[in-house]
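Asker: Model the structure of this input:
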Amino acid sequence: MLKPDNRLAKVRDFNLLMKHGRWVNGQFLDMRVLELAKIQNYFPKKVKSRTVSGAGEDTDKFKEQLRIAITVGLKVSKSVVKRNRARRQISEVLRLIIKDGRLKGGHYLLFVAKKDILTKNYSEISTEVKLLLNKGKLFLSE
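Answerer: Alright, predicted model coming up:
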């Protein structure tokens, strides 16, 4: 499971991704990518806080975050067990890539599964995710 820092959860973030992101297509997975540095006009306004906790978002931190969402819709399968299995496999591949520090920051990613994912095993899903990330130029250069 992805860490909470890496999960795309807010409605405003999904709206930004869907409005300004671009699609990268694969065989049984699609990925929507949004590079945050390109949409600075749409950043949330920085709020000056009077509290010690410093509520409000810093634009530099906002620009460098990496947030990911994974969707496996009802069209893929009516069975929640099958959908959750696909979601967990995609999530695990991404978790390991993030843990190794191989992904660039400053992006929002949305992975959308297609029906064919149900017949694939973990290694095929891993290969597809890495291929999509490579097509989207999201790997750090080594």
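Asker: Only the C-alpha atoms, please, for the longest helix along the chain, written as CSV.
Answerer: Using DSSP state H to define each element, the chain has its longest helix at helix 80-99. Extracted in CSV, the C-alpha atoms of helix 80-99 (Å, rounded to 0.1, in the frame of the first residue of the first chain):
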residue,chain,number,x,y,z
VAL,A,80,-14.6,-6.6,-5.8
VAL,A,81,-12.1,-9.3,-5.0
LYS,A,82,-10.7,-9.3,-8.5
ARG,A,83,-10.6,-5.5,-8.7
ASN,A,84,-8.9,-5.2,-5.3
ARG,A,85,-6.3,-7.8,-6.4
ALA,A,86,-5.4,-5.8,-9.5
ARG,A,87,-5.2,-2.6,-7.4
ARG,A,88,-3.0,-4.2,-4.8
GLN,A,89,-0.6,-5.5,-7.5
ILE,A,90,-0.2,-2.1,-9.2
SER,A,91,0.2,-0.5,-5.8
GLU,A,92,2.9,-2.9,-4.7
VAL,A,93,4.9,-2.3,-7.9
LEU,A,94,4.7,1.5,-7.4
ARG,A,95,5.6,1.2,-3.7
LEU,A,96,8.8,-0.6,-4.5
ILE,A,97,9.8,1.9,-7.2
ILE,A,98,9.1,4.8,-4.9
LYS,A,99,11.0,3.0,-2.1
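Asker: any idea of the mean pLDDT for it?
Answerer: The average of the pLDDT scores along helix 80-99 is 96.
Asker: Now do it: which elements does it pack against?
Answerer: On a contact count with 3 or more CB pairs under 8 Å, 6 or more residues apart in numbering; DSSP states H and E, helix 80-99 meets strand 66-71, strand 107-113, helix 122-135. (Glycine included, C-beta is placed from N, CA and C.)
Asker: Go again with 7 Å.
Answerer: If you count contacts as 3 or more CB pairs under 7 Å, 6 or more residues apart in numbering; DSSP states H and E, helix 80-99 packs onto strand 66-71, helix 122-135.
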